[in-house]
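Q: I need the structure of the sequence given here:
(one chain, ligands or ions: 1)
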Amino acid sequence: MATMAALLREEERLDELDPLRHLRGDDNADANHADEVLSDGFIIPAQRPSIIDQLQTLSFPPLIPELQLSIDAGPGSGGIAWPAGEALARYLCLREERNRGWIKGKTVLELGAGTGLVGLVVAKLGATDVLITDQKPLLCLIDRNIGLNGLRTACQAVEFNWGERLPYPMEKTTCDLILAADCVYFEPAFALLVQTLCDLTARSPSAEIFFCYKKRRKADKRFFILLKKHFKWEDVEDDPQRPVYSRDAILLLRLHRRPTKQ
Ligand SMILES: C[S@@+](CC[C@H](N)C(=O)[O-])C[C@H]1O[C@@H](n2cnc3c(N)ncnc32)[C@H](O)[C@@H]1O
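A: Take a look at the predicted model:
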């Protein structure tokens with residue numbers, strides 16, 4: 001039987017050949033969205049995978065009139081901004097609009113950040129200690145985006161592979177907010193992501209966790225089966241954008257750690 005390490009190596013090899021392969025759903029959750037569904041039935045976001053070293057300007061009015069994002073599909077699937085990340089970023093802006101100062105001074109960790117969009121947005125809103133994490137190939141892009149938006153004081157791009165030891169800056173500190181968008185698509189990583197969420201909440205038991213999920217495959221259910229052993233969750237219902245992104249099979253959840261057995 002193939003070991004997990006061999007399986008992961010093979011998956012990494014296939015990822016290099018086609019960085020976006022996991023994001024091509026095999027059971028499109030909402031096939032009515034013709035703009036997102038190509039003739040071969042694959043789902044891809046509005047940006048095409050041929051994006052190489054481009055600059056995108058996003059706007060989150062009224063609090064963030066402009067955010068610059070360098071995007072590049074070269075380093076992998078995270079090199080472009082996915083709709084779930086944008087949905088989460090917009091919700092966090094709305095929260096700040098409703099409750100000014102809510103995010104000020106907060107310590108935040110973003111998992112699987114890709115371009116770093118969500119982390120950049122919370123830093124723009126006033127979070128002062130933002131660890132924007134992903135795997136090594138994405139770090140340059142994240143770092144470039146931090147610089148582009150003048151957020152070097154508040155943000156750091158940090159390598160963090162799920163399932164591994166928490167990144168160094170997290171070993172001695174706690175965080176107030178844990179964010180993840182569009183991180184459920186690669187089955188061998190499901191248990192690793194759940195392990196990371198457990199490790200983070202063990203370190204920061206009172207952290208709020210926002211988890212924005214894009215449903216692509218039936219297999220995603222296995223992630224939620226694993227997650228359910230350690231976390232409860234609820235839909236974020238106070239988001240006026242919810243009817244819009246839920247049409248694209250995007251769900252915004254707030255996770256809560258179940259009490260651990262002594
Ligand atoms: C679909 S992208 C989403 C990126 C970003 N959150 C967004 O919404 O635009 C998934 C991200 O998860 C990261 N990722 C996948 N497996 C990972 C792992 N085992 N450890 C850390 N990050 C991982 C990828 O590198 C990628 O950036």
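
Q: tell me the SS of E234?
A: Assigned with DSSP: H, G, I helix; E, B strand; the rest coil, E234 falls in the strand class.

Q: beta partners of it?
A: For E234, the beta-bridge partners are R254 (DSSP bridges).

Q: now A180
A: L111, F211.

Q: residues from the protein in reach of the ligand?
A: Contact residues (Cβ under 6 Å from any ligand atom) of the chain with the ligand: 23, 76-78, 81-82, 84-85, 112-115, 117, 134-135, 138, 160-162, 181-183, 186, 189, 192. The way it works is simple: take the backbone N, C-alpha and C, and place the C-beta from them, glycine included.

Q: report the buried members of those.
A: When these are checked for burial by 16 or more other Cβ atoms under 10 Å, the buried set is 23, 76-78, 81-82, 84-85, 112-115, 117, 134-135, 138, 160, 162, 181-183, 186, 189, 192.

Q: show me where the stretch 151-262 of the chain has strands.
A: Secondary structure of the stretch 151-262 of the chain (DSSP state E, counting those that start in this stretch): strands located at 155-159, 177-181, 208-214, 231-235, 250-257.

Q: any idea of the mean pLDDT in stretch 102-120?
A: Mean pLDDT, computed over stretch 102-120, is 97.

Q: got the CA positions of it in CSV?
A: What follows is stretch 102-120, C-alpha atoms only, in CSV (Å, rounded to 0.1, in the frame of the first residue of the first chain):
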residue,chain,number,x,y,z
TRP,A,102,-13.3,45.7,16.1
ILE,A,103,-10.2,44.5,14.3
LYS,A,104,-7.8,47.2,15.6
GLY,A,105,-4.7,45.7,17.1
LYS,A,106,-5.7,42.1,16.5
THR,A,107,-3.4,39.3,15.9
VAL,A,108,-4.5,37.3,12.9
LEU,A,109,-3.4,34.1,11.2
GLU,A,110,-4.5,33.3,7.7
LEU,A,111,-4.1,29.7,6.4
GLY,A,112,-3.6,28.8,2.8
ALA,A,113,-3.5,32.5,2.0
GLY,A,114,-2.6,32.2,-1.7
THR,A,115,-2.1,35.8,-2.8
GLY,A,116,-2.6,36.9,0.8
LEU,A,117,-5.8,38.8,0.0
VAL,A,118,-7.7,38.2,3.2
GLY,A,119,-4.7,38.9,5.4
LEU,A,120,-4.0,42.1,3.5
